[in-house]
Every structure is written in C-alpha cells, then in structure tokens.
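In: Would you be able to build a 3D model of this:
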Amino acid sequence: MYKYTARLIVHWGMLGCPQAGRTAVTKGRDMEHWTDFGVGQLPSFSARKRVEFPPPFEALFGELAGTVQRPLQGLTSDGTVQAGLFPLRSTGVSTAPITDAARHFLGALSADQRQRAVFPLDAAERRMWLNIHPFVFRHGVMLEDLPPATRQLGLRLLEASLSARGFAQARDIMRLNRLLAEVTGLPDDFGEWPYFLSFYGEPDAERPWAWQIDGHHLCLNGTVIGDQFLLTPSFMGSEPCQVFDGPLAGTMVFTAEERAGLDLIRSLDDRQAAQAVLRPSIYPDDLPAELQDPLDGRIQAGAFRGDNAVVAYAGVCAADLTGIQRRCLRALVAAYVGWTSEGHSGVKMSEVDQHLDETYFAWMGAVADDGPFYYRVQSPVVLIEFDHHPGVAFDNFVPSRNHIHAVVRTPNGGDYGLDLLRQHHERYDHSTGIHTARP
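Out: Residues are numbered from 1 along each chain as shown. Below you'll find the predicted structure:
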C-alpha cells in the first residue's frame with residue numbers, strides 16, 4: 001500500500017523527491033495524445049462511499065475541513081472586502097426555468113432521498129465541495145443511485161442553469177470520467193454518474209435558495225435570489241481533454257478557454273509580456289513548492305482555501321492594453337462567464353465591463369511553444385484561473401495539456417451569493433416562515 005500511496009503523492013506533488021529525470025523524459029511529450037502515456041498505478045479510492053485515507057491524506061483533508069469553521073468573508077486582493085459591488089436588484093432575466101427544474105427533480109425523489117438532498121441555506125456542507133475523485137466530503141443524492149428518468153431531471157437542472165456550451169462541457173467531463181474507469185480498471189473510483197446533487201433552502205420564486213453538483217472535475221454552485229442567478233464558485237476540469245478514437249471520438253473540452261488565453265498572451269508586446277509573465281515555466285524543477293500544491297497546482301482560489309483567500313493582483317493591467325488586446329481579454333472572461341445560461345451571463349458581463357480597467361492578467365509557463373501553462377484573470381468582480389496539471393490517472397509526472405483544472409470565483413463576497421444574501425435578509429424578514437418586507 002505504501003508504495004502506491006507514495007506514487008500518488010508524487011502525482012499530486014506532495015513529495016520533495018528529485019524529479020529531474022522524469023522531467024527530462026516527459027518535457028517533450030506535452031502535446032502527445034493521452035494514449036501515449038501509461039496508466040498510473042493508483043490505489044483504489046472509492047468515488048461512491050466514504051473511505052479511510054492513509055495519514056498524509058487524512059491530515060490534508062482534516063486541514064481543509066477546518067477552514068469551513070472560519071466565517072465566510074470571500075476572496076479578496078488585500079484582505080479587505082470591497083463593498084457595494086453587487087446590488088440586490090432585478091435583472092429582467094427570469095430564474096423560473098431553474099427553479100422549476102429543481103422542483104421537478106426534488107418532487108421525483110423518495111422521502112429519504114429528499115431528506116438527504118436538502119439542507120438549510122446556511123449549512124456548512126455548501127462550502128464542502130472538492131474536485132478530486134475520491135469520496136471525501138460528498139453529500140446529497142448521487143445521480144448514479146437514481147432511476148434514469150429522475151437522473152434526467154437532475155441533468156435538466158444543469159441544462160436550465162448553464163449555457164448550451166457550458167452544459168455540453170459539463171456532460172463531456174462526466175463522460176470522460178467514465179472513460180477513466182475503463183482505462184484505469186478502477187470502476188469504483190471513476191464513472192459517468194458518481195456526481196452528487198444537493199440543495200440549500202427550498203426552490204422558491206421569492207426566497208433565496210441554492211443548488212450544488214459535486215464530483216470528479218465538476219463542482220458547480222448555483223444561487224438563486226429573485227431573478228438574480230450566480231454560478232460561483234465553479235470548477236471544471238478533465239483528464240484527458242481530447243479523445244480521437246472510440247465511442248467518445250471527437251470529444252474536446254476547454255478548447256475555448258485554452259485558446260482564448262493563448263490569444264491574449266501572444267498579443268502582448270515585450271513590455272506588456274514582461275509584466276504579465278510571472279514565470280516562464282511550470283515544470284516542477286522550475287517552481288517553488290508553494291506553486292505545486294498537491295490538489296490545486298498553481299491555482300490560488302480552489303476548494304475550501306479559496307473561500308477566504310487573499311490573492312494579490314498580478315500581471316498586466318487592462319488599462320495598459322490596446323483596444324484589440326482589451327477585446328481579447330474580454331473574450332477570455334466571456335469564455336468562462338459563458339458557462340452560465342445566456343441571459344444571466346450577459347448580466348455578469350455587464351459587471352465585468354464596469355471594472356475592465358481594473359482587470360489584471362497574469363501568466364506562468366510556455367508562450368510560444370506547445371508546453372503547459374497557467375493563467376489568472378482578476379478584477380473586483382471576477383477571478384478566473386486555468387492550470388495544466390501532471391497526470392493522476394496517467395503516468396506523466398509533469399504538467400501537460402492532457403489534464404486541465406479551471407476555477408471561477410466572484411471576489412469581495414460574491415461567491416455563494418454571500419453579499420446578496422446579506423442584503424436580502426436586511427430587506428426581508430423570514431423569522432416567521434413568511435417572506436415579509438421589513439418596515
């Protein structure tokens with residue numbers, strides 16, 4: 001067991017052992033198809049039921065769980081929440097399709113399933129999502145346990161909340177997770193349907209409520225407050241990212257997000273690039289330990305830690321970009337905001353546009369070649385991170401374009417609708433169980 005645990009720890013960057021030999025062997029293989037890699041010798045960690053972890057992981061997950069005990073403030077650039085960014089208002093974009101889809105799904109559950117699926121709006125479980133494949137903090141009802149018709153109602157909630165492109169990418173991520181079960185020979189660890197749906201509060205046209213899907217490489221948090229809809233924190237990822245043969249031939253994820261980042265970085269002149277590029281490589285030998293997190297790699301705003309993270313602005317500011325470059329930056333943000341259903345993504349992009357001059361773009365890794373990279377876009381109202389990771393299911397020990405993680409956050413109390421919920425409860429009294437405007 002220990003040799004397999006050690007191998008997994010190497011995959012997740014938790015050992016300080018020399019990797020120069022492995023790096024030299026694999027640096028030139030970054031753009032090769034995932035089938036050119038070997039399958040990693042993974043221990044089996046179930047995605048469907050809680051498992052016991054060896055000490056290194058047990059301590060790590062305990063540390064993560066401890067962060068939920070700290071009050072939620074929100075991600076900031078300097079430790080201070082910038083107020084007044086997210087007014088409670090009417091958007092003119094209906095949330096009824098989302099609410100109706102949630103009601104239909106919950107109505108199809110048994111009494112026991114419904115009890116497991118629905119939590120209070122302020123439940124700690126709402127912040128306990130994690131994108132790795134083992135069952136650590138999962139809760140709610142697993143899609144795999146449901147009859148096909150009920151499962152489709154769960155997918156209908158995602159479809160109502162996401163754009164066509166966002167929904168297609170989410171479903172492809174789930175299908176690629178089934179592919180992992182096949183190629184690794186670990187059917188209990190991966191699969192298309194070990195994804196858990198949870199609800200916070202009752203789906204209602206007037207009262208705030210939220211939903212969450214949590215599973216390997218797909219963790220989305222939707223919040224509904226009147227006709228305002230927020231979809232952060234959001235995490236999407238995949239390993240592999242492209243399939244050219246077999247039943248999933250033609251499946252490609254994150255092409256828009258990857259291409260938009262490259263378009264922007266390659267549009268910069270030498271002076272701008274000197275500001276934007278923080279490090280020229282993300283290979284393990286070229287990075288300090290703090291940029292090789294065992295779960296998040298370079299990502300600063302991942303699960304748990306990102307809720308109250310302080311992420312300083314870095315890179316080149318949009319105020320220093322040309323008109324064409326600013327359009328590239330806006331297109332990059334839109335690739336992620338566009339995960340959300342069209343009307344609500346338009347509302348979010350109007351917020352992004354108001355703060356475009358305060359938006360920063362930072363980059364690590366390859367620019368001119370096909371090597372791996374990381375980038376971050378950050379403003380007062382949005383934070384986006386994209387990162388190429390080493391293999392976990394596969395045996396490449398350095399980052400490659402075959403394994404991607406991407407996260408979207410709303411800084412300054414926007415995640416989970418935190419600031420909007422505060423304003424809502426200042427305006428309305430729910431203490432009697434009736435939605436009543438305060439005098």
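In: which residues of the stretch 251-400 of the chain fall in helices?
Out: Secondary structure of the stretch 251-400 of the chain (DSSP state H, counting those that start in this stretch): helices located at 255-267, 270-276, 323-337, 342-354.
In: Give me the buried positions along the longest helix that the chain contains.
Out: Ranked by residue count and defined by DSSP state H, the top helix of the chain is helix 164-184. Residues of helix 164-184 classed as buried: 166-167, 169-181, 184 (neighbour count, 16 or more other Cβ atoms under 10 Å). Every C-beta, even on glycine, is put in place using the N, C-alpha and C of the backbone.
In: for stretch 56-64, same thing?
Out: Buried residues in stretch 56-64 (16+ other Cβ under 10 Å): Pro56, Phe57, Leu60, Phe61, Leu64.
In: So which of the residues you listed belong to helices?
Out: Those of the buried residues of stretch 56-64 lying in helices (DSSP H): Pro56, Phe57, Leu60, Phe61, Leu64.
In: Quick one: these as JSON lines, columns for pLDDT and distance to Gly40 too.
Out: Output for these, formatted as JSON lines (pLDDT from 0 to 100; distance: Cβ to Cβ, whole Å):
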{"residue": "Pro56", "pLDDT": "79", "distance to Gly40": "17"}
{"residue": "Phe57", "pLDDT": "81", "distance to Gly40": "16"}
{"residue": "Leu60", "pLDDT": "85", "distance to Gly40": "19"}
{"residue": "Phe61", "pLDDT": "89", "distance to Gly40": "20"}
{"residue": "Leu64", "pLDDT": "90", "distance to Gly40": "23"}
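In: which one of those residues is nearest Ala368?
Out: Ranked by distance to Ala368 (Cβ to Cβ), those are led by Leu60 at 36.1 Å.
In: The residue nearest to that closest one when sequence neighbours are not counted: neighbour count?
Out: The spatial neighbour of Leu60 that comes closest, neighbours along the chain excluded (Cβ to Cβ, 6 or more residues apart in numbering), is Pro294 at 6.7 Å. When neighbours are counted by other Cβ atoms under 10 Å, Pro294 registers 16.
In: Next, find the distance separating Arg156 from Gly191.
Out: Distance, Arg156 to Gly191, using Cβ to Cβ, to the nearest Å: 20 Å.
In: coming back round to it: in CSV, list the ones in helices among the buried residues of stretch 56-64 along with distance to Leu262.
Out: Shown next, in CSV, are those (distance: Cβ to Cβ, whole Å):
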residue, distance to Leu262
Pro56, 36
Phe57, 34
Leu60, 33
Phe61, 35
Leu64, 32
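In: hmm, back to that, and the longest helix of the chain, how far out from the chain middle?
Out: 15 Å (Cα atoms, centre = their mean, to the nearest Å).
In: Show me what that helix is packed against.
Out: Other elements packing on helix 164-184 under the criterion 3 or more Cβ pairs under 8 Å, 6 or more residues apart in numbering; DSSP states H and E are helix 148-161, strand 218-225, strand 234-238.
In: Would you reformat those as TSV and include mean neighbour count?
Out: Listed next are the helices and strands packed on helix 164-184 as TSV, based on neighbours: other Cβ atoms under 10 Å:
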stretch	mean neighbour count
helix 148-161	19
strand 218-225	24
strand 234-238	25
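In: just to revisit the earlier point, list just the nearest of the ones in helices among the buried residues of stretch 56-64 to Thr223.
Out: Leu64 (21.9 Å).
In: how close does the closest one get to Ile132?
Out: From Leu64 to Ile132 the distance is 11 Å (Cβ to Cβ).
In: Ok, Gly338 next?
Out: If you measure Gly338 against Ile132 using Cβ to Cβ, the figure is 26 Å.
In: again with Glu206
Out: For Glu206, the distance to Ile132 (Cβ to Cβ) stands at 37 Å.
In: Look at those two and report which has more neighbours.
Out: Set Glu206 next to Ile132 and count neighbours by other Cβ under 10 Å: Ile132 wins out with 20 against 10.
In: which SS class is the more buried one?
Out: At Ile132 the chain is in coil, as set by DSSP: H, G, I helix; E, B strand; the rest coil.
In: Could you verify my assumption that it touches Gly215?
Out: No: Ile132 is not in contact with Gly215 according to Cβ atoms under 8 Å; the separation is 9.8 Å.
In: Could you check how many residues crowd around the closest residue in space to Asp419 that isn't next to it in sequence?
Out: Nearest residue to Asp419, sequence neighbours excluded (Cβ to Cβ, 6+ apart): Gly413, at 3.7 Å. Using other Cβ under 10 Å, Gly413 is surrounded by 22 other residues.
In: With the one 5 residues further on instead?
Out: Residues within reach of Leu418, counting by other Cβ under 10 Å, total 19.
In: Output the host helix or strand of it as PDB, restricted to C-alpha atoms.
Out: Here Leu418 sits within helix 418-427, counting by DSSP states H and E. The C-alpha coordinates for helix 418-427 follow below in PDB (Å, rounded to 0.1, in the frame of the first residue of the first chain):
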ATOM      1  CA  LEU A 418     -22.900  36.000   0.200                       C
ATOM      2  CA  ASP A 419     -23.300  39.800  -0.100                       C
ATOM      3  CA  LEU A 420     -26.600  39.500  -2.000                       C
ATOM      4  CA  LEU A 421     -28.000  37.200   0.800                       C
ATOM      5  CA  ARG A 422     -26.900  39.700   3.400                       C
ATOM      6  CA  GLN A 423     -28.800  42.500   1.600                       C
ATOM      7  CA  HIS A 424     -31.800  40.200   1.100                       C
ATOM      8  CA  HIS A 425     -32.000  39.500   4.800                       C
ATOM      9  CA  GLU A 426     -31.700  43.100   5.700                       C
ATOM     10  CA  ARG A 427     -34.600  43.900   3.400                       C
END
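In: Okay then, goodbye and thanks.
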